[in-house]
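Participant: Pasted the sequence and its predicted model underneath.
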Amino acid sequence: MNILFICSRNKWRSATAENIYKTHPDHQVRSAGTAPSARIKINEKLIIWADLIFVMEKKHKQRIIERFPEETADKEIITLHIPDDYQYMDEELIEELNARVADYL
């Protein structure tokens, strides 16, 4: 399964998620951001690639659906409700991600 994690700038939350799940034996994992300043910007190709999309906040889901309506039409997009309160690889962030993603993996 191809899994995509999305936050705003792809520097802390989604990048952390990609890093902790990249070695999962059953999944391919990537991450991206919705902001113009994102390290890796969300694009049509990434959305098409993804079987499952996790977004950190409701606004991220709204942005990608508005920007890519056709590509997201049949995609499962799950909002994790993780605020932008963490640094990259923050221990609390890792705990939050593991707790919220576990049921889907």
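Facilitator: Happy to help now that I have it.
Participant: Strands of this structure, start to end?
Facilitator: Read by DSSP state E, the chain holds these strands, from start to end of the chain: 2-7, 28-33, 52-55, 76-79.
Participant: Save those strands as JSON lines, and put in distance to Tyr21 and mean pLDDT too.
Facilitator: Quick note: C-beta positions are derived from backbone N, CA and C, even for glycine. Output for the strands of the chain, formatted as JSON lines (distance: least, C-beta to C-beta, whole Å; pLDDT from 0 to 100):
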{"stretch": "strand 2-7", "distance to Tyr21": "7", "mean pLDDT": "98"}
{"stretch": "strand 28-33", "distance to Tyr21": "5", "mean pLDDT": "98"}
{"stretch": "strand 52-55", "distance to Tyr21": "10", "mean pLDDT": "98"}
{"stretch": "strand 76-79", "distance to Tyr21": "14", "mean pLDDT": "97"}
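Participant: pretty sure Ile78 contacts Met56?
Facilitator: No: judged on C-beta atoms under 8 Å, Ile78 makes no contact with Met56 at a distance of 10.4 Å.
Participant: Counting neighbours, go ahead and name the busier of these two.
Facilitator: Legend: neighbour count by other C-beta atoms under 10 Å for Ile78 and Met56, higher for Met56 (28 against 14).
Participant: how many neighbours does the nearest residue to Arg30 once chain neighbours are set aside have?
Facilitator: Spatial nearest neighbour of Arg30, excluding adjacent residues (C-beta to C-beta, 6 or more residues apart in numbering): Leu4 at 5.4 Å. Leu4 has 25 neighbours, counted by other C-beta under 10 Å.
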